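>>> please find the sequence and the predicted model below.
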Amino acid sequence: MKSLPLAHPLLPLNTFSPKLHNRINPNNKPFTFRVFSSSSSSTSEPVRHEYKAGAFDELFLNVFRTKMVEEVGWDSDKPGYEGLIEVANRLVMKNKTNSDTKEAAVRILRSLFPPLLLDLYKLLVSPLAQGRVAAVMVARVTALTCQWLMGRCNVNSVDLGDGSSCNSGVFVEKCKYLEESKCVGICINTCKLPTQTFFKDYMGVPLLMEPNFSDYSCQFKFGVHPPLAEDDAILKEPCLEICPNATRRRELAINSDQCPKAS
């Protein structure tokens with residue numbers, strides 16, 4: 001570290017005589033100051049912001065759970081979100097086929113809305129501007145009211161089938177429902193497929209949901225038609241690494257390229 005000479009900071013340079021210098025500095029050493037600098041090579045990593053529950057979140061959870069319990073005919077002893085996941089598991093176990101599970105999940109979604117509201121939305125709103133108005137509206141409502149279920153999310157722009165783009169997407173940073181259920185089949189048959197069906201058939205808004213089973217994010221694309229089931233690669237995903245059933249199959253050396261609950 002190099003020292004730099006400096007005149008007395010309180011006196012102008014033209015009054016700084018040798019005689020005065022000797023009184024101030026009898027040892028005749030130059031005044032010095034030092035500048036210290038430090039640099040850190042810390043790398044910044046992206047921070048995932050956790051969703052903080054709002055005032056109405058408990059109400060939304062209780063209403064949704066009540067409707068699910070009515071459909072399943074059973075309730076968990078566990079409170080809150082943990083109990084909701086157990087009811088979702090029972091919904092899958094109760095039905096003989098995945099089609100039955102999807103139909104039951106659609107009934108649950110329909111029961112959350114007054115029937116007349118859905119009919120009027122499909123009749124009056126969904127035709128506006130080739131469906132763009134309805135798609136943008138449901139995207140914003142989804143982002144505002146469903147974070148208690150999915151976790152932190154935000155509205156984003158998505159590409160539509162005609163090549164244009166529209167702010168009718170919702171990006172979920174890390175889906176709480178998928179993370180807590182630990183199951184591809186529960187995600188597909190109680191969320192993705194029934195939600196796509198509900199918005200298209202009962203609100204007149206096409207929807208494609210693209211869950212990412214690697215990082216648990218999910219992209220909603222309102223206004224975009226989903227592919228046929230045989231062409232949807234998401235429906236052929238294997239079990240999650242954290243899936244309890246997948247762990248048991250690995251212990252028994254049973255190979256499976258697809259989640260049994262999703263097939």
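Cool, the structure landed. Numbers count the residues shown, from 1 in each chain.

>>> and for residue 94, the neighbour number?
Close neighbours of residue 94, defined as other C-beta atoms under 10 Å, add up to 14. C-betas here are computed from N, CA, C, even on glycine.

>>> got the contact list for it?
Residues counted as contacts of residue 94 (C-beta atoms under 8 Å, 6 or more residues apart in numbering) are 72, 73, 74, 104.

>>> tell me the spacing between the first one and residue 101.
I take that to be residue 72. 11 Å (C-beta to C-beta, to the nearest Å).

>>> more crowded one of the two?
residue 101 (24 against 20).

>>> report pLDDT for the more buried one.
At residue 101, the model reports a pLDDT of 97.

>>> still on that earlier bit, tell me the two of the contacts of residue 94 that are most distant?
Spatial extent of the contacts of residue 94 (C-beta to C-beta) is set by the pair 74 and 104 at 12.6 Å.

>>> with neighbour numbers in mind, choose between the two.
residue 104 (19 against 13).

>>> for that one, helix, strand, or coil?
helix (DSSP: H, G, I helix; E, B strand; the rest coil).

>>> spatially nearest residue to it (excluding sequence neighbours)?
residue 71 (5.4 Å; C-beta to C-beta, 6 or more residues apart in numbering).

>>> the one you found and residue 88 touch, don't they?
No: taking contacts as C-beta atoms under 8 Å, residue 71 lies outside contact range of residue 88: 10.7 Å.

>>> please list all residues in contact with the residue nearest to residue 127 when sequence neighbours are not counted.
In space, and not counting its chain neighbours, residue 127 is closest to residue 204: 7.6 Å by C-beta to C-beta, 6+ apart. When contacts are counted by C-beta under 8 Å, 6+ apart, residue 204 touches 121, 122, 123, 125, 126, 127, 131, 134.

>>> neighbour-wise, which of those leads?
Counting neighbours by other C-beta under 10 Å, residue 134 leads the contacts of residue 204 with 25 neighbours.

>>> so what touches the helix or strand hosting residue 120?
Residue 120 is located in helix 115-120, with elements delineated by DSSP states H and E. For helix 115-120, contacts defined as C-beta under 8 Å, 6+ apart pick out 110, 202, 203.

>>> now those residues in TSV, with neighbour count and secondary structure?
Below are the contacts of helix 115-120 laid out as TSV (neighbours: other C-beta atoms under 10 Å; DSSP: H, G, I helix; E, B strand; the rest coil):
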residue	neighbour count	secondary structure
110	15	helix
202	17	helix
203	23	helix
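
>>> tabulate the residues you listed (TSV), appending pLDDT.
Below are the contacts of helix 115-120 laid out as TSV (pLDDT from 0 to 100):
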residue	pLDDT
110	98
202	98
203	98
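
>>> overlap in contacts, residue 72 and residue 101.
Taking C-beta under 8 Å, 6+ apart as the contact rule, residue 72 and residue 101 both touch residue 91.

>>> in the strand or helix carrying residue 133, what's buried?
Per DSSP H and E, residue 133 falls inside helix 132-145. Within helix 132-145, the residues that qualify as buried are 132, 133, 134, 135, 136, 137, 138, 139, 142, 143, counting by 16 or more other C-beta atoms under 10 Å.
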